[in-house]
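Student: Predicted model, plus sequence, below.
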Amino acid sequence: MSTPADREIVPANVTPVHYTVNLTPDLEAFTFDGTVDIAVKVRTATDVVVVNTKELEVHAAHVTFAHNKAEQRLDASSITHDEKIEQSSLHFPSALPAGADATLTITFKGIHNDKMAGFYRSGYTGKDGNQKYLVVTFFAPTDARRAFPCWDEPAHKATFDVVLNVRKEFTALSNMNVVAEEDHPKLATHKTVKFARTPIMSTYLVAMAVGELEYIESKTSPSCAALPEPVTVRVYTSKGESAKGKFALGCAVRILEYFSEVFGEKYPLPKMDMLAVPDFSAGAMENWGLVTYRTIYLLFDEKTSSAKTKQGVAYVVAHELAHQWFGNLVTMSWWDELWLNEGFATWVGWLATDSLFPEWNVWTNFVGDDMTRALSLDGLRSSHPIHVAVRSSSQVSQIFDAISYSKGASVIRMLSSWLTQDTFLAGIRKYIQRHKYGNATTNDLWAALSEAAGVDVAQFMQLWTTKIGYPVLKVERTAADKVTVSQSRFLSSGNVQADEDTVEWWCPLGLYTGDEAATQRSAQSTMLKSRSGEFTIPATPAFYKLNRHQANFFRTQYAPADLEKLGEVIANQGDKATLNTADRVGLVGDTFALAAAGYTSTVDALQLLRHFANEREYIALNAVAEKLAHVKTVWALEGDAVNDQLAALSRTIFAPTAHRVGWDFPEGESQLDALLRQLVVSVAGLNGDKEVVAQAKARFARFVQGDATAVHPNLRGAVYAIVLKNAAVGSRSEFDAVKAIWENESLSADQRLAALGALGRVPDTKLMAELLEYSLKGGKVRPQDFMYPLRSVAGNPKGRALAWKFVQDNWAQLEAQFKGSLSLLAHCVGIAADWADAEFADREVEGFFAGKDTKHVDRAIQQTLEKIRAQATWLNRDRDAVAAWLAANVQN
């Protein structure tokens, strides 16, 4: 594990207690002038004070402190900068005495960059048609240093007074409420806005925003016993957009009340502002009291936004508000504990969403989404443990990934299931009370949970957080009432070496034979703690399944006969749902993953799908669609015959349901039924179902002529994609029509992005090349949205090579634009992962990056290479068997 000795951190001989940050943004020159007064404690005598800075022009520094009952001032004799480790050293002519309480004052100038990091600028077209800008902060993980000199590490908590000097027509926001607003003493066009003092917190949570804004407002209920003092909640937007924040506002009020009750600790600030930002590199940022969002995750238009957008807004708001406790109130000690923030916020975000919208079945969605994503990434050698060593700031952004978020949440869900949710939350309340306003470690969490549960939680969980990967459990019936379960490490390549397979995870089996009560009674006792074990089941069960509700983080390999029995249960269960949706999603996911890795055959996985002919649940069908899409991606260059048969297989599963549910959305239809219609129409149409394609074309023609009712908002992305895929090579009328929809700024963000993300479906490579140039260099596509067209072209078999060549040719620009973001540059690398050609991996990926500085994306490169090589092995191993099965079982 990383230790303080090998981290690039500022010396601890001087530490901050309080900051007064005074900034004057200039929204025309895109610069800001600043002064910061930092109350510090001098731990050991020193004549050098080191702070973090980045892209700041430091003008001067001085320090004042009491010495021999008199105030003494020392001006910095020199200021030196180390750009590599982002530190500035302030040299003083004599030493600051140990034990002194001092005030360090630094004046500086910074830039409002366009990189979506630090105190950056975001542009948009106002309702008057003019170009507008706002400036806003995004400091996580290590970019507060771009806005003011500071100790930019999570353990260096302090309080903050923020003062913003802004033009009088602008709104200024920060973490806390405004306590004073007055004319600026020198600038007649400006006002000075002072905010209340924050609680003690880390620098990455400081937030500021300035621009022409409006808001809608609500308050928490005074009748909420857990939150007796009403909290003012607002959604801020650019002018004319605030009405779209109504749904998020309602969610936020209820979620603050819910978390205050569940965590036994009230939300401690007097207000919660949520701001929609046009340019935003992540989904949202949990700044205490001022949460910032990418527009699509905060604004929802009841008339034109899709059901999927609504679900996304609810979850992201819940995730960010969970951080107000997990991350803000209790903060990780160092970035190697990032999962304590993100894993918990992910799990608790789903918990709150489930409380608000139980009809959405979000925990099953979690299995198909977060858990699936975590299992996929953690099946690679190039994955990393949940608790991961982080040495420098350049490494931090690479662990904001599916391990910290989704695997973290998955093992929390496993632990909660094992302990019971009530016991687990009792432990969480202990943890929060013990560490609020401070920093904590994973061991602190285990200690609180162990006290609440009366068991040694660390003994169970330590391997899951400190070791890379997870096991596949192979289960076989050895007698009428016995099964033997053995574990080994799962790798997506299938070629596990002996030295990689030494961990014996503690695995709750969740053994289910149709008796839910029996599964719950045996939860504590049926755990595999060694390499293998024998377990009792009823003598004559119709079936047995491990991992009931898919609650535990492993894959299961069944004997072929037992897998077939599970398939028969699915095919024959009707409305009884002996295997619930989560079980079915897990079974599909495990079977295809095991086939891809070579533990079983792809034919076994395809055979299983025969039993889903009557499937009606959206989340289960979505899992089937994703697995078939992955097979189609890997087999994409295998010729028309095989690809036509794979498309026909998709049609046999999805087209009947598409024809049954139709194109109309009845009033009051459930969220899941709306999502089901969108899925089946999309999959059937993109796989060439003639009826769906014809309907899509006809409705699209009416739609672009002005009939907005021709295509429901939930189906517009699907219709755009179907129409574009079926356009004639050389024709650009469909392309131009969808592009015009993207460029229509009066539409809601999710509707515009649906159009942008569909454009790469065209069969014409010239149009694909035009799209990529337009998206990166045309000035119409925001940098945050570049991934939509890039992914769209890369996902088109005819555009795969073109997209990767575009990334190679434009790497310098992409690196300059995105290296400061949490994940965008890694996504540019990741588009190569669709290939299934080991030679391509060696030549086009590894060869391309050889000799380049890849410290910001080295994990993404290794993971992409591993995926390509694993897929190449899969294709070579099962190519002939899949072709034979398709020929025998699928009619075009």
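Tutor: The structure has been received and is ready for your questions. Numbers count the residues shown, from 1 in each chain.

Student: quick one, helices of the stretch 351-500 of the chain?
Tutor: 362-366, 372-378, 393-396, 408-419, 421-435, 442-453, 457-466 (DSSP state H, counting those that start in this stretch).

Student: again with the stretch 501-650 of the chain
Tutor: Under DSSP H, counting those that start in this stretch, the stretch 501-650 of the chain gives helices at 516-521, 560-572, 581-597, 602-609, 618-634, 640-661.

Student: Output the below-cut-off pLDDT ranges for the protein.
Tutor: 1-5, 393-394, 522-525, 575-576, 822 (pLDDT under 70).

Student: what's the longest helix in it?
Tutor: helix 858-889 (DSSP state H).

Student: That one packs against which elements?
Tutor: Judged by 3 or more Cβ pairs under 8 Å, 6 or more residues apart in numbering; DSSP states H and E, the packing partners of helix 858-889 are helix 581-597, helix 602-609, helix 618-634, helix 640-661, helix 824-830, helix 838-840. Glycine gets a C-beta too; all of them are placed from N, C-alpha and C.

Student: For the fourth one, name the packing helices and strands.
Tutor: Judged by 3+ Cβ pairs under 8 Å, 6+ apart, the packing partners of helix 640-661 are helix 602-609, helix 618-634, helix 671-686, helix 690-704, helix 858-889.

Student: Let me know which of these is the nearest to residue 162.
Tutor: Residue 162 lies closest, by Cβ to Cβ, to one member of these: helix 858-889, at 34.8 Å.

Student: how far is that closest one from where the chain is centred?
Tutor: 26 Å (Cα atoms, centre = their mean, to the nearest Å).

Student: export the helices and strands packed on helix 640-661 to JSON lines and tack on distance to residue 116 and mean neighbour count?
Tutor: Formatted as JSON lines, the helices and strands packed on helix 640-661 follow (distance: least, Cβ to Cβ, whole Å; neighbours: other Cβ atoms under 10 Å):
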{"stretch": "helix 602-609", "distance to residue 116": "40", "mean neighbour count": "20"}
{"stretch": "helix 618-634", "distance to residue 116": "29", "mean neighbour count": "21"}
{"stretch": "helix 671-686", "distance to residue 116": "30", "mean neighbour count": "23"}
{"stretch": "helix 690-704", "distance to residue 116": "33", "mean neighbour count": "17"}
{"stretch": "helix 858-889", "distance to residue 116": "18", "mean neighbour count": "19"}
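
Student: so which of the ones you listed comes closest to residue 321?
Tutor: Using Cβ to Cβ as the criterion, the shortest distance between residue 321 and the helices and strands packed on helix 640-661 is 20.7 Å, found for helix 671-686.

Student: residues in contact with the closest one?
Tutor: By Cβ atoms under 8 Å, 6 or more residues apart in numbering, the surrounding residues in contact with helix 671-686 are 306-308, 310-311, 357, 359-361, 616-619, 621-622, 625, 650-651, 654-655, 657-658, 661-663, 665, 692-693, 696, 714-715, 717-719, 721-722, 725.

Student: Residue 69: which of the helices and strands packed on helix 858-889 is closest?
Tutor: Ranking those by their distance to residue 69 (criterion: Cβ to Cβ) puts helix 824-830 first, at 55.1 Å.

Student: That closest one packs against which elements?
Tutor: Going by 3+ Cβ pairs under 8 Å, 6+ apart, helix 824-830 lies up against helix 787-794, helix 811-818, helix 858-889.

Student: Enumerate every residue touching residue 20.
Tutor: 36-38, 160-161, 163.
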